[in-house]
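Enquirer: what follows is a predicted protein model with its sequence.
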Amino acid sequence: MKWITRERPKIDRIACPWLIKNFVDSEAEFIYVPAERVKEQAEKLKAIPFDVTDVEFSHHDDKCTFDYIIEKYGIEDPAVLSMAPIVRGADTDRHDLASQASGLWAISAGLAYNNKDDHELLEKGMMIYDALYSWAKHLQKEKHTQNPVDHLFIDVFNKFIKQKAAQKKTPDWVKELKQIIQDQVDTNLSLTDISKSLNIHPSYLSREFSKHFNSLSFGEYIRKLRIEKAIELIKAGSYSLTEIAYLTGFSDQSHFTRIFKQHTGKNPSTYKKELSKSNAGTKG
Amino acid sequence: MKWITRERPKIDRIACPWLIKTFVDRDAEFIYVPKEQVFEKSKELNAIPYDLPGAEYSHYGEECTFDYIVKKHSIDDSAIHEIAAIVRGADTNQFDLTKQSAGLWAISAGLSYNYRDDHEMLEIGMKLYDALYSWAKFVSDEKHVWSPDLKI
């Protein structure tokens, strides 16, 4: 089937073709013409007019044409349903409808500015909606964490939650989690991130954590291990303090210095100097 | 000049190449390798390592590598400063930093999911940042109101 609408598309006139191609008619063709010629050309070309006034496929009250197509064709894919308020928000200048609406608008407005050919724009727009769909379908809960090990943490916490329900004695997850933290002390993951991924209240998790980790909180425990590792590396003698900060998972040198001082009462550089002096003494 | 970073780029490792190509070195080449090989390969290939801890071109405090390049190369363009905040928000999980960060993250995460080839991802990402730049530079005051009748 052919579909026709106004030229110079930005949001709805790109999002609707994407929706139609993927969920209604994979053979659909799209035509863009000046606004005043849509109806006349629709009749001539036997094309369905959309996203113009006084046609069936259009805005209805607060809803945009994307919403109408979802309703009309009974599309129930939850990912598409979660894209709808983003598209509606970007298309009707109600960016408060979804936190992604402003970004979609900015990128779409910029793409339209850069691509004056409507079909070229449609092609690029299709990639944007493919991306939004993949995000909505697979990644909505994911944050931008840069480490595959994060998934290990999450798996372990999942086990913990299951075991907690089943039994009361010290669960296996404690041993496993200890091992993973030990191995991955240089990675960057907060308890809040984990609890969010699990939809569990962070205070609940942190309370459970300290029961099994010498009454230390997750953060305290991680910092303690990191400083212990830093001390080992200083003793090894072959690393600079910058390298040690990196190897022990601190985001920057000053943070490392501050935490190190909290734990040992000394700056890392002082600690290093004193260590090399005492070494020299014993060898002397 | 060659630039090298970790594979599977999403935000900063796409935005920085765009910034470098557009404002620092139009002939720049970009290389993606597994995380643990970046420093070794950077020496071998005489490439500048970026966006990983231990490199000069990296995060500092709250700021991401994009911010560092803007500062280091004194890029004085108000559209770039606006994009820097959007990128920083999307790259460091501070989605409330700008209104556009959450959308940039969603679209970038989805692109990375759909395009497993880092250079294909970079090519599409370049267009994305071209678009953000045009928006910031030329159309950020424009609102999209659904009023087709006005044009008739």
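Expert: On my side now, so go ahead. Numbering: from 1, shown residues only, chains lettered A, B, ... in the order given.

Enquirer: residues in contact with stretch B:13-31?
Expert: B:1-6, B:32, B:41, B:45, B:47, B:50-51, B:57, B:65-66, B:69-70, B:73, B:75, B:77, B:80, B:83, B:87, B:91, B:108, B:121-122, B:125-126, B:128-130, B:133 (Cβ atoms under 8 Å, 6 or more residues apart in numbering or on different chains). Quick note: C-beta positions are derived from backbone N, CA and C, even for glycine.

Enquirer: which of these fall within strands?
Expert: Mapping the contacts of stretch B:13-31 onto strands (DSSP state E) picks out B:2-6, B:32, B:47.

Enquirer: out of those, who's near chain A?
Expert: Among the ones in strands among the contacts of stretch B:13-31, the residues within reach of chain A (Cβ under 8 Å from any Cβ of the partner chain) are B:Arg6.

Enquirer: which of the ones in strands among the contacts of stretch B:13-31 are buried?
Expert: Burial by neighbour count, 16 or more other Cβ atoms under 10 Å in any protein chain shown: within the ones in strands among the contacts of stretch B:13-31 this picks out B:3-6, B:32, B:47.

Enquirer: what is the most widely separated pair among the residues you listed?
Expert: Greatest spatial distance in these: B:Arg6 and B:Ala47, 12.8 Å, computed using Cβ to Cβ.

Enquirer: now do the strands in the stretch 1-150 of chain A.
Expert: When assigned using DSSP state E, counting those that start in this stretch, the strands of the stretch 1-150 of chain A occupy the ranges A:2-6, A:29-33, A:47-49.

Enquirer: direction included, what does the shortest one pair against?
Expert: Okay, so that is strand A:47-49. strand A:2-6 (parallel) (DSSP bridges).

Enquirer: per-residue pLDDT of residue 14, please?
Expert: Since you didn't name a chain, this refers to chain A. pLDDT for A:Ile14: 98.

Enquirer: should've been chain B
Expert: So, for B:Ile14, pLDDT stands at 98.

Enquirer: follow-up on the earlier one: chain A: which of the ones in strands among the contacts of stretch B:13-31 is nearest?
Expert: Minimum distance to chain A across these is 7.9 Å, recorded for B:Arg6 (Cβ to the nearest Cβ).

Enquirer: apart from its chain neighbours, what residue comes closest to that closest one?
Expert: B:Lys35 (4.5 Å; Cβ to Cβ, 6 or more residues apart in numbering or on different chains).

Enquirer: for B:Asp91, give me its contacts.
Expert: With Cβ under 8 Å, 6+ apart, B:Asp91 has these contacts: A:144, B:10-12, B:15, B:64, B:66.

Enquirer: make CSV out of those residues and add neighbour count.
Expert: Formatted as CSV, those follow (neighbours: other Cβ atoms under 10 Å in any protein chain shown):
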residue, neighbour count
A:His144, 16
B:Lys10, 20
B:Ile11, 26
B:Asp12, 27
B:Ala15, 30
B:Cys64, 23
B:Phe66, 29
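
Enquirer: what's the most distant pair in those?
Expert: Maximum distance among the contacts of B:Asp91 (Cβ to Cβ): 13.6 Å, for A:His144 and B:Phe66.

Enquirer: so what sits opposite the residue nearest to B:Ala55 when sequence neighbours are not counted in the bridge?
Expert: Spatial nearest neighbour of B:Ala55, excluding adjacent residues (Cβ to Cβ, 6+ apart): B:Pro49 at 4.2 Å. According to DSSP bridges, the residues that bridge with B:Pro49 are B:Ile4.

Enquirer: burial check on B:Pro49, number of neighbours?
Expert: A count of nearby residues for B:Pro49, using other Cβ atoms under 10 Å in any protein chain shown, gives 22.

Enquirer: correct me, but it touches B:Thr5?
Expert: Yes - with contacts counted by Cβ atoms under 8 Å, B:Pro49 reaches B:Thr5, the gap being 6.7 Å.

Enquirer: mind listing the shared neighbours of these two?
Expert: Common neighbours of B:Pro49 and B:Thr5, counting by Cβ under 8 Å, 6+ apart, are B:Val38.

Enquirer: got the contact list for stretch B:48-68?
Expert: So stretch B:48-68 is contacted by A:242-243, A:246, A:251-252, B:1-6, B:11-13, B:15-16, B:19, B:35, B:38-39, B:42, B:69, B:72, B:83-84, B:87-88, B:91-92, B:94 (Cβ under 8 Å, 6+ apart).

Enquirer: ok, A:Ser82 to B:Lys99 distance?
Expert: The gap separating A:Ser82 from B:Lys99 is 19 Å, by Cβ to Cβ, to the nearest Å.
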